[in-house]
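Asker: When you get a sec, could you give me coordinates for this:
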Amino acid sequence: MNVYVIHVGNLKEKYYADAVAEYEKRLGRFCRLKNVEIREDRLPDQPSEAQIASALQAEGKRILEALPERAYRIALCVEGKQLSSEELAAAIAGAARDTVFIIGSSYGLSETVKSACDLRLSFSRMTFPHRLMRVMLAEQIYRAFSINAGGGYHK
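Answerer: Numbering: from 1, shown residues only. Have a look, this model is predicted:
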């Protein structure tokens, strides 16, 4: 199984990159994890709503172009459904196909991208930096595969 993480922007901080790399290494037992970086549109320090909307549309177009066909698509967004780790594991297992997780920029994802997804997932009602979300997502993907394999990591 292939698992894709499509994310807007890169990991500039070494500690985030190291943490993601560790979970990628662990996931090698279960799946092929592929990170797909989408270029983030530059915005001024205090962008207008129109500038944000334009950037989200441009980023969204690039995200949609990068989506693999026939994959189970999961958008990470604050208004999404909150799942337990066991429920996420069941969703991945139930998809029975390649799975794609999509992380937007610090301004989120366009509605076009969210509408193209099978599931909108929220980790919390709290706001997290999107770079930290890459680490949190990698850990939860690893936890989901561990649960599905009957391992004890998730306890």
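Asker: any weak-confidence spans in this structure?
Answerer: Scanning the chain for pLDDT under 70 picks out the ranges 154-155.
Asker: Report the distance from the biggest strand by length in the chain to the chain centre.
Answerer: Longest strand in the chain, counting residues (DSSP state E): strand 72-82. For strand 72-82, the gap between its own C-alpha mean and the chain's C-alpha mean amounts to 9 Å (Cα atoms, centre = their mean, to the nearest Å).
Asker: chain center to the following helix or strand past it: distance?
Answerer: Note on strand 72-82: by DSSP states H and E, the next helix or strand toward the C-terminus is helix 85-95. For helix 85-95, the separation from the chain centroid amounts to 15 Å (computed by Cα atoms, centre = their mean).
Asker: just stretch 24-33 next, same as before
Answerer: Distance, centroid of stretch 24-33 to centroid of chain: 16 Å (Cα atoms, centre = their mean).
Asker: Which residues does that stretch contact?
Answerer: Stretch 24-33 has contacts (Cβ atoms under 8 Å, 6 or more residues apart in numbering) with 1-5, 35, 138, 141-142, 145-146, 148-149. Quick note: C-beta positions are derived from backbone N, CA and C, even for glycine.
Asker: same thing with stretch 124-143?
Answerer: With contacts defined as Cβ under 8 Å, 6+ apart, stretch 124-143 is touched by 3, 5, 7-9, 11-13, 16, 19-20, 23-24, 26-27, 30, 33, 76, 78, 82, 85, 88-89, 92, 101, 103-106, 123, 153-154.
Asker: Equivalent analysis for stretch 56-76, please.
Answerer: Applying Cβ under 8 Å, 6+ apart, the set of residues contacting stretch 56-76 is 2, 4, 6, 8, 36, 38-41, 91-92, 95, 97-105, 107-110, 112-114, 116-123, 133, 137.
Asker: all strands of the protein, in order?
Answerer: Using DSSP E, strands in the chain cover 2-8, 32-38, 72-82, 99-103, 119-122.
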